[in-house]
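Enquirer: Here is a sequence with its predicted model. Questions after.
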Amino acid sequence: MPIDREKVQKAVRLLLEAIGEDPDREGLARTPERVARMYEDIFSGIGVEPGEKVSLFTSENHDEMIVVRDIPFYSMCEHHLLPFFGHVSIGYIPGNNQVTGFSSMVRLVESVAKRPQVQEKMTTDLADTLVNRLKPLGVIVIIRARHFCIEMQGVKRENIETVTSAQRGYLRKQITRLEAFNLIKG
């Protein structure tokens, strides 16, 4: 579902008025239009089925762990509509000879990140999407992120990194989880 630019522009204009600003002054006159265009991009994951971003390939006798680490992302906290950003690392053990391309992982992270949410849900959504699409023997997703809702308001502390993880299948077993952590840490 596309963003309703006109509604966003009206809402931004009302917000500017509500905080005591003049939305017609030179510096703000085109802000509602700019914000509407920006929201089209940063919320482009709304209504998108992330599994469609994961291409499938057959790879004979492939049952070793595959890790793509430090995929950068930007998302928006659904509680304050402030950005959170960081890196996602994904590891999986293929099942039934099904693998995906590395760029599919990047597109998956981007499609899931571009919606209002919390980091914990993003982590779970990525893991569950990979399980549903790839049918792997195991999946691990680790997200490290900084949140502007911590840095700009409330406790106002910089450089606090929040880490979330989700494991599925064989990656719940200690030995394979440790291998994945070591590969992700480098």
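Expert: Great, that's in hand. Residues are numbered from 1 along each chain as shown.
Enquirer: Ends of stretch 167-179, what's the gap?
Expert: The straight-line separation of the ends of stretch 167-179 (C-alpha to C-alpha, to the nearest Å) is 13 Å.
Enquirer: buried sites along that stretch?
Expert: Gln167, Arg168, Gly169, Tyr170, Leu171, Thr176, Arg177, Glu179 (16 or more other C-beta atoms under 10 Å). (C-beta placed from N, C-alpha, C; glycine too.)
Enquirer: quick one: pLDDT of the closest residue to the third one other than its chain neighbours?
Expert: Same thing as Gly169. Spatially, and ignoring its direct neighbours in sequence, Gly169 is nearest to Gly138 (3.7 Å; C-beta to C-beta, 6 or more residues apart in numbering). We have a pLDDT of 97 for Gly138.
Enquirer: Count the residues that sit near Arg146.
Expert: For Arg146, the neighbour count with other C-beta atoms under 10 Å is 15.
Enquirer: tell me the SS of it?
Expert: Under the three-state scheme (DSSP: H, G, I helix; E, B strand; the rest coil), Arg146 adopts strand.
Enquirer: In contact with it, which residues?
Expert: Phe84, Phe85, Gly86, Asn159, Ile160, Glu161, Thr162 (C-beta atoms under 8 Å, 6 or more residues apart in numbering).
Enquirer: Check the gap between it and Thr162 for me.
Expert: As judged by C-beta to C-beta, to the nearest Å, Arg146 and Thr162 stand 8 Å apart.
Enquirer: Mind listing the shared neighbours of the two?
Expert: Contacts common to Arg146 and Thr162, judged by C-beta under 8 Å, 6+ apart, are Phe84.
Enquirer: dump the residue contacts of the residue nearest the centre of the chain.
Expert: When C-alpha atoms, centre = their mean is applied to the chain, the residue found nearest the centroid is Ala113 (2.6 Å). Ala113 makes contact with Gly45, Phe73, Tyr74, Ser75, Met122 under the criterion C-beta under 8 Å, 6+ apart.
Enquirer: let's see it at 10 Å
Expert: Residues near Ala113 by C-beta atoms under 10 Å, 6 or more residues apart in numbering: 42, 44-45, 50, 71-76, 84-86, 88, 122, 125-126, 143, 145.
Enquirer: Max pairwise distance over the buried residues of stretch 167-179: which two?
Expert: Spatial extent of the buried residues of stretch 167-179 (C-beta to C-beta) is set by the pair Arg168 and Glu179 at 15.2 Å.
Enquirer: Is the nearest residue to Asp70 once chain neighbours are set aside in a helix, a strand, or coil?
Expert: Distances taken as C-beta to C-beta, 6+ apart place His87 nearest to Asp70, at 4.5 Å, with adjacent residues excluded. Here His87 takes the strand state, with states given by three-state DSSP.
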